[in-house]
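Enquirer: only the shape, not the letters, is given here:
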């Protein structure tokens with residue numbers, strides 16, 4: 001009986017939290033439509049503090065900061081929204097508008113045709129998408145195998161056999177691509193520069209030589225950390241050290 005009470009209490013708390021977050025979201029929308037972007041941001045951040053994360057929430061937060069010409073936060077939240085919904089063209093378009101406000105123009109290192117082809121295939125789906133595809137293919141393989149076992153006509157059995165083998169190969173390929181996509185996702189640790197202007201040093205200390213300067217909104221990839229310093233790499237291959245306080249990690253869900 002105690003377990004039942006605990007379950008009921010948990011459901012009530014969940015419904016209460018969901019209702020509260022819905023109200024906060026509705027209030028934030030009203031504030032946004034009135035141009036009260038700071039108030040809308042407070043509501044959205046309250047939802048985040050309640051442990052809710054979604055592409056729509058980050059997208060709306062980014063729009064609020066964009067309206068306030070806050071380059072770093074707007075790019076940061078557009079990028080987070082894109083991580084959760086990587087195929088949303090509206091997020092991509094708004095992100096480009098925000099990126100146009102940056103001072104740093106970092107060109108990506110050129111890729112070989114083989115590397116481009118590899119990335120285009122691997123990035124068709126996220127690793128979750130490839131995993132779901134693998135499950136569907138394996139299920140189709142099982143169905144094809146059962147059909148081959150129970151069907152009597154030779155032509156039907158042949159078709160079932162070919163289908164099952166084809167599904168099995170696709171399933172194994174999807175598992176491989178899911179693994180490769182997951183490895184790529186975990187090895188990538190992006191962050192956004194929040195400082196208006198910051199010197200990137202050759203070594204992780206304040207007395208080290210500054211090798212280049214970055215500005216708010218620039219995207220970097222964190223390679224390593226040492227106490228209060230992070231080693232970063234730009235899309236053009238440049239590396240250096242920056243203090244933790246000057247960047248915010250994107251995958252901190």
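Expert: Great, that's in hand. Being a predicted model, the structure only gives us computed values, none of them experimental.

Enquirer: count of neighbours near residue 212?
Expert: A count of nearby residues for residue 212, using other C-beta atoms under 10 Å, gives 12. To be clear about C-beta, it is placed using only N, CA and C from the backbone, and glycine gets the same treatment.

Enquirer: quick one, what contacts the closest residue to it other than its chain neighbours?
Expert: Excluding its sequence neighbours, the residue lying closest to residue 212 (C-beta to C-beta, 6 or more residues apart in numbering) is residue 200, at 5.2 Å. With contacts defined as C-beta atoms under 8 Å, 6 or more residues apart in numbering, residue 200 is in contact with 210, 211, 212, 213, 214, 232, 238, 240, 241, 242.

Enquirer: how about 10 Å then?
Expert: 193, 208, 210-214, 220, 231-232, 234, 238-242, 246 (C-beta atoms under 10 Å, 6 or more residues apart in numbering).

Enquirer: out of these, which sit inside strands?
Expert: Residues of the contacts of residue 200 located in strands (DSSP state E): 193, 210-214, 220, 231-232, 239-242.

Enquirer: nearest spatial neighbour of residue 253, chain-adjacent residues omitted?
Expert: Excluding its sequence neighbours, the residue lying closest to residue 253 (C-beta to C-beta, 6+ apart) is residue 53, at 5.3 Å.

Enquirer: in which helix or strand does the one you found reside?
Expert: Under DSSP states H and E, no helix or strand contains residue 53.

Enquirer: tell me how many other residues crowd it.
Expert: Residues near residue 53, counting by other C-beta under 10 Å, number 11.

Enquirer: swap in residue 222?
Expert: 19.

Enquirer: over to it: give its phi and psi.
Expert: The phi/psi pair for residue 222 (degrees, to the nearest 10) reads phi -80, psi 120.

Enquirer: residue contacts, it?
Expert: Residues in contact with residue 222 (C-beta under 10 Å, 6+ apart) are 188-191, 230-233, 242, 244, 247, 249-251.
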